[in-house]
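A.B. asks: Here's a sequence, model it:
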Amino acid sequence: QVQLVGSGGGLVQPGGSLRLSCTASGFTSDYYAIAWFRQAPGELRKGVSCISGNGDNTYYADSVKGRFTISRDNAKNTVYLQMNGLRPEDTAVYYCAADPVCNWSPEYAYWGQGTQVTVSS
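C.D. replies: Sure, this is the predicted structure:
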């Protein structure tokens, strides 16, 4: 059974940091790109970052470039999203997703359950 489990969300003050984790099971995760999307209340789900299966290529939305870093440890079937310099506008539910290649379409094959990130003083 294919499963993605996202974790690491929480409440943080502006300027703070969080690290999200996405652990895959039921498939060979290094054959899949893993992306993070986020969805704020009343908004569409939007791509934040993506990493290719072998980790050689990473992609970021303009709004998070220079603040977020995506990485993966295929030995642990886990992808990380290090988020620094968090802003209130980063508040959203964050979802990880898996697909053969990175893309910004929300039509990914597999999805995790979402983890809430709240940036507030």
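A.B. asks: name the element the residue sitting nearest the centre point of the chain belongs to?
C.D. replies: With distances taken as CA atoms, centre = their mean, the residue of the chain nearest its centroid is Trp36 (2.6 Å). Taking DSSP states H and E as the criterion, Trp36 maps to strand 33-39.
A.B. asks: which neighbours does that strand have in its sheet, and in what orientation?
C.D. replies: Strand 33-39 sits in its sheet next to strand 46-51 (antiparallel), strand 92-99 (antiparallel), going by DSSP bridges.
A.B. asks: And the ones you listed: which comes nearest Gln3?
C.D. replies: When the strands paired with strand 33-39 are compared by CB to CB, strand 92-99 sits nearest Gln3, at 10.2 Å. Every C-beta, even on glycine, is put in place using the N, C-alpha and C of the backbone.
A.B. asks: What is the subsequent helix or strand relative to the closest one?
C.D. replies: strand 110-111.
A.B. asks: and the angle from the next helix or strand after that following strand to strand 33-39?
C.D. replies: Per DSSP H and E, strand 110-111 leads on to strand 115-119 as the next helix or strand towards the C-terminus. For strand 115-119 against strand 33-39, the angle by axes from the mean of the first three to the mean of the last three CA atoms, to 10 degrees is 50 degrees.
A.B. asks: per-residue confidence at the closest residue to Gly47 other than its chain neighbours?
C.D. replies: The shortest distance from Gly47 to any non-neighbouring residue, by CB to CB, 6 or more residues apart in numbering, is to Trp104 (4.1 Å). Looking at Trp104, its pLDDT reads 92.
A.B. asks: Any stretches of the chain with poor pLDDT?
C.D. replies: Applying pLDDT under 70 to the chain picks out residues 29.
A.B. asks: can you do 80?
C.D. replies: Residues of the chain that meet the criterion pLDDT under 80 lie in 27-30.
A.B. asks: Now do Met104 against Gly114, distance only.
C.D. replies: Slight slip there: residue 104 is Trp, not Met. According to CB to CB, to the nearest Å, Trp104 and Gly114 sit 18 Å apart.
A.B. asks: So the two - more neighbours on which side?
C.D. replies: It is Gly114, of Trp104 and Gly114, that has more neighbours when counted by other CB atoms under 10 Å, with 17 against 12.
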